[in-house]
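Colleague: please find the sequence and the predicted model below.
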Amino acid sequence: MSDTTKTAAPKGEGVSLVKLLLEGRAFFALIAIIVVFSLLRPNYFTLSNFLIMASQVAIYGLLAIGMLLVILNGGIDLSVGSILALCGVIAGALMQGVEIEAMGVILYPPVWAVVVITCVVGGLVGAVNGVLIAWLKVPAFVATLGVMYVARGVALLMTNGLTYNRLAGSPELGNTGFKWLGSERIAGVPISVLVLAVCAIIAWAVLSRTAFGRWLYASGGNERAAELSGVPVKFVKITVYTLSGVLSAIAGLVLSSQLTSAGPTAGTTYELTAIAAVVIGGAALTGGRGTVLGTMLGAFVIGFLSAGLVITGVSSYWQTVFTGAVIVLAVLMNSIQYGKGGKKA
Amino acid sequence: MSSPSETPDAVEVVLAARHVAKSYGAVHALKGVNFDIHRGQVTTLFGENGAGKSTLMKILSGVIQPSAGEIILDGKAVHFQDSTHARDLGISIIHQELSLAPNLSVRDNIFMGREIKGPTGVNFSEEERQARKLMQELEQDIDPLTPVEDLRLGQQQIVEIARALSVDSRILIMDEPTSALSAAEVEVLFKVINDLTSKGVSIVYISHHLEEALQITDHAVVLRDGAMTAWAPRAEIDLNWIVRNMVGENYDLGSPPTGYDFGGPALSVQNMVVPDPGGNAYNVVDNLSLDVKAGEIVCIYGLMGAGRTELMETLAGRYRQASGRIELKGAEVSHLTIAERIGQGLALVPEDRQRDGLVQTMSVGQNLSLASIGAFTRGIFTSRRVEKTLVAESIRRVTVKTSGPDAAIGSLSGGNQQKVVIGKMMATNPQVILLDEPSRGIDIGAKAEVFRLLAEGAKRGLAVVYTTSEVSECLSIAHRIIVMHKGRITAEFGADATKEMIMAASGEQHAA
């Protein structure tokens, strides 16, 4: 406590207020969005609307957590939208039943197995990213761009461009319950929001309370120094891309469960929304700086802003313009914050 | 005569600062300094890290603006808008931290931002001709088309110097130009400085290498804590005068710790060969063998390019293509990763602390605890309480001057940053600690503290190996001095060696 008063005192009240606004900018932006839209449309400020909006944010939020891990490492993952689609399609295919021609049977795996298999596939695709980047030294932008195309292509090939529609399963096959993830609620809260909350809390704990979290911040801040300090930088790198793949798979499951359909074109450009959420949340694209809380706020800023624009009846073209302006503004503030800090006298 | 008067003599003084102050928030980096640059002469600025030398130089070259005070050029007050404005008025600066684009060639770096225009865009051939000429003046065999990233640190510093020389400036500020140069390269630089002053160019020189600076300076100015403490022409001063005014105490890097016996062999290197990482057909470390006992302090003296850094980094595990045997307390470690070697008790403090030592995005405390996370991890979670204790202990042990463990690492002075890197590796409880140029770019006070730390460690049984390119640092705490030249050990001395013996063995033609 004495430290804060000591440093804040000579600067004066005005400066510290600016500093507070700057550091909590995502939070204040979210408050501002809620206030403005609530004034414009009273039905914006209702619990049911917040829960609906939150369940939409869940998809972006899950992708953004994975993206945060990758960006903290100083990388980027453009493949999350495609992995989401691929995993949704795989889940869809498994729900339709897997025909094994040699034996003439169709297997209907239970829902828990579908979830596990889908997450493993997402993790494997993410691990491919990681290996390309860490071991084969392919720049992250290019490696994940390639995987983005490949994963999307595979999803299209699997379905021949069509969409799986009957994901509800049937009681006689014992594979019901896929809808649970996307449409059920516990104590009024949508499951998808709870999934996001659980993932966010785990990510927060890992980042702030484990050795792995410290390794990640260190190798994103200065990989050479981290390596010489004994941090297994390659392991860290492969792990974050793998986790990003797993989180994309979870997002894919939630999305196809919400829609009770899985299409190969789902999640197109979601990677950009996820990056935007991370950036609005104050993370630095150069790596080493960023928090889960900030990223969550960033995801909610984007989600609540676009939902608010829809409710107020603003044209979707304007929504695109607003979202873009918010992203640029966020990056501008990031550079103000990080440009000032850390310089020595 | 030489003491700054209220209005500087426009004939004698080309550029002057009067009552210049600079504050960063609550930190007063400069407190009303008066400073004169004498026309056609070398003015040297002495001071410890954090004394405000670099800040003053940045103000005089227009990089930053003073909070108060004025700059007087040729008797008239001026206000520099930015460094380009200052450069147009004939003032250029060689920064302490290299400011080169590593991906560009030597030629492109020299002419960066002031490309020579021809009828079809940039006149590359003219640029190359001038770059070649500069390299000849500096007696360097560097091709202007080589990418800067392929050059050694010392050569990169030469390029930085060449860039400043390529602007025909009247005033040239050199902030630590020799920190990575070999003695031979320094001689060449001094010859160039003499040429420049005879042409009427005024030089401001900053160096932690006091003896070296005394060789060429005409005037000395000492800064301490952002204020000027002393100034005098060369004839009136000596080394003691400088040190007295800088730190207010005697200049002593210590002596080899005694009163205990060395333990068993701690580090043993046999027939180590490291091929040139650049792919050239020679070995940067050539069939080298070395034994260090527990409690022993070994100094490896060598010039730039002697293979010291490669030797140290191979021992730590960065170069995997090396051959030879490395044993730690009798156990082979050559096949282990960096992390495993740290776990076995072998720690490296790297040469370039900005690039290899510190994570700039992390706090002082997080940097200190980075290499020993396992020590405060309970189960899968780290313990904040234990970490706090360990960090506090490290800060106390290596005496880091910081406002607290949560301070930004960039807020520390160079010497304190170096102590953080050393503290980080000490926290892993090593048996053997390797330090590559631990005194690079840090002031005498910090240097002495670092050496005191190492001597204390040795008394507790730590084996210490450090490299240096300053003979005075060899003749301090080391029990044994090893001279390296072109990847080989060319001589070995006890603590009773003399300066001349060491220099002669290092392949250095030295006048002194």
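Modeller: Okay, I see it.

Colleague: need the contact list for the residue of the stretch 151-300 of chain B found nearest chain A.
Modeller: When distances are taken as CB to the nearest CB, the stretch 151-300 of chain B reaches nearest to chain A at B:G226, 9.0 Å away. (Glycine included, C-beta is placed from N, CA and C.) Contact partners of B:G226, counting by CB atoms under 8 Å, 6 or more residues apart in numbering or on different chains, are B:28-31, B:33, B:51-52, B:55.

Colleague: and for B:C299?
Modeller: Residues in contact with B:C299 (CB under 8 Å, 6+ apart) are B:465-468, B:473-474, B:478, B:480-482.

Colleague: let's see that with 10 Å instead.
Modeller: For B:C299, the contacting residues are B:256, B:435, B:464-468, B:471, B:473-483, B:493, B:495, B:497, B:502, by CB atoms under 10 Å, 6 or more residues apart in numbering or on different chains.

Colleague: do B:Q418 as well
Modeller: Going by CB under 10 Å, 6+ apart, B:Q418 touches B:49, B:349, B:353, B:357-358, B:398, B:400, B:412, B:435, B:437-442, B:446-447, B:449-450.

Colleague: for chain A, tell me which of the residues you listed show up nearby.
Modeller: The overlap between the contacts of B:Q418 and the neighbours of chain A (CB under 10 Å from any CB of the partner chain) comes to B:349, B:353, B:357-358, B:412.

Colleague: residue numbers of the stretch 201-350 of chain B in contact with chain A?
Modeller: Looking at chain A, the residues of the stretch 201-350 of chain B close enough under CB under 10 Å from any CB are B:226, B:313, B:316-318, B:337-343, B:347-350.

Colleague: just the buried ones from those residues?
Modeller: B:226, B:313, B:316-318, B:338-339, B:341-342, B:347-350 (16 or more other CB atoms under 10 Å in any protein chain shown).

Colleague: CSV for these, including secondary structure, pLDDT and distance to A:A151?
Modeller: Output for these, formatted as CSV (DSSP: H, G, I helix; E, B strand; the rest coil; pLDDT from 0 to 100; distance: CB to CB, whole Å):
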residue, secondary structure, pLDDT, distance to A:A151
B:G226, coil, 82, 58
B:E313, helix, 92, 39
B:A316, helix, 93, 39
B:G317, coil, 91, 36
B:R318, coil, 87, 35
B:I338, helix, 94, 34
B:A339, helix, 93, 33
B:R341, helix, 94, 39
B:I342, helix, 95, 38
B:A347, strand, 95, 43
B:L348, strand, 95, 41
B:V349, strand, 95, 44
B:P350, coil, 93, 40
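
Colleague: near chain A too, which of the contacts of B:G226?
Modeller: B:28-30, B:52, B:55.

Colleague: tell me the one of those nearest chain A?
Modeller: Nearest member of those to chain A, counting by CB to the nearest CB, is B:A29, at 4.1 Å.

Colleague: how far does the helix or strand where the closest one lies sit from the chain's center?
Modeller: Using DSSP states H and E, B:A29 falls within strand B:27-38. When distances are taken as CA atoms, centre = their mean, to the nearest Å, strand B:27-38 is centred 23 Å away from the chain's centroid.

Colleague: which neighbouring elements make contact with that strand?
Modeller: Packing partners of strand B:27-38 (3 or more CB pairs under 10 Å, 6 or more residues apart in numbering or on different chains; DSSP states H and E): strand B:13-24, strand B:42-46, helix B:53-60, strand B:68-73, strand B:171-175, strand B:202-206, strand B:219-224, strand B:227-233.

Colleague: repeat the analysis, applying 6 Å as the threshold.
Modeller: strand B:13-24 (3 or more CB pairs under 6 Å, 6 or more residues apart in numbering or on different chains; DSSP states H and E).
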